[in-house]
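# need coordinates for the below:
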Amino acid sequence: MKYAGHVVAIVVDPWFGDRVADLLERMPVWMADTEVNQAAAGRARTARVQSQTVNHTAIGALTTFTIDTDSTPESWCLGILDIVAGHHDRYSHSPGYSGLEIYGAEPSPTLLAALAEYRLTNIATFPSGFRASTSDGQPAGSPNDS
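Numbers count the residues shown, from 1 in each chain. Coordinates of the predicted model:
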């Protein structure tokens, strides 16, 4: 999938693993820190020779985030949404993000409601997740908006 604008991936599939390499070619990625994903993140960082000082909003940037293994991928996504939105908004990146690709979660009513708070109301599903984007292509909302 190729889209215009700044798109960010949120991976909450605990077994996503090495598929992350393909995403990193297109966008920055935030990935749930499971055993499988952490090992793949290490391989991807080595392959890309990514240092700790790489701009976290650039294509190819990979950030892992801690999850509660007793919870669900949907709750992991809900829990990281504000942080991702704040790191990729128009205050941190030009242009600000206008879409999220979410891997490992369904577009549930709860998740759709949370995404709508950021103007991410255009939903397109694909086999391993879905894409949420703004309907006008303009940057999405931010927790930094007043």
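# extract the C-alpha set from the helix or strand bottoming out on mean pLDDT in the chain and format it as CSV.
Across the helices and strands of the chain, mean pLDDT, DSSP states H and E gives its lowest value to helix 35-48, namely a mean of 91. The C-alpha trace of helix 35-48 is given here as CSV (Å, rounded to 0.1, in the frame of the first residue of the first chain):
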residue,chain,number,x,y,z
GLU,A,35,9.5,-11.6,22.4
VAL,A,36,9.0,-12.3,18.6
ASN,A,37,8.8,-8.6,17.8
GLN,A,38,11.7,-7.6,19.9
ALA,A,39,14.0,-10.1,18.1
ALA,A,40,12.7,-8.8,14.7
ALA,A,41,13.3,-5.2,15.8
GLY,A,42,16.9,-6.1,16.7
ARG,A,43,17.4,-7.6,13.3
ALA,A,44,15.8,-4.7,11.5
ARG,A,45,17.9,-2.2,13.4
THR,A,46,21.1,-4.1,12.6
ALA,A,47,20.1,-4.4,8.9
ARG,A,48,19.3,-0.7,8.7
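# and the following helix or strand past that helix, average pLDDT?
As assigned by DSSP states H and E, the chain's next helix or strand after helix 35-48 is strand 62-65. The average pLDDT for strand 62-65 rounds to 96.
# and strand 62-65, what does it pack onto?
On a contact count with 3 or more CB pairs under 8 Å, 6 or more residues apart in numbering; DSSP states H and E, strand 62-65 meets strand 29-32, helix 35-48, helix 73-88. Glycine gets a C-beta too; all of them are placed from N, C-alpha and C.
# perfect, I'm done here.
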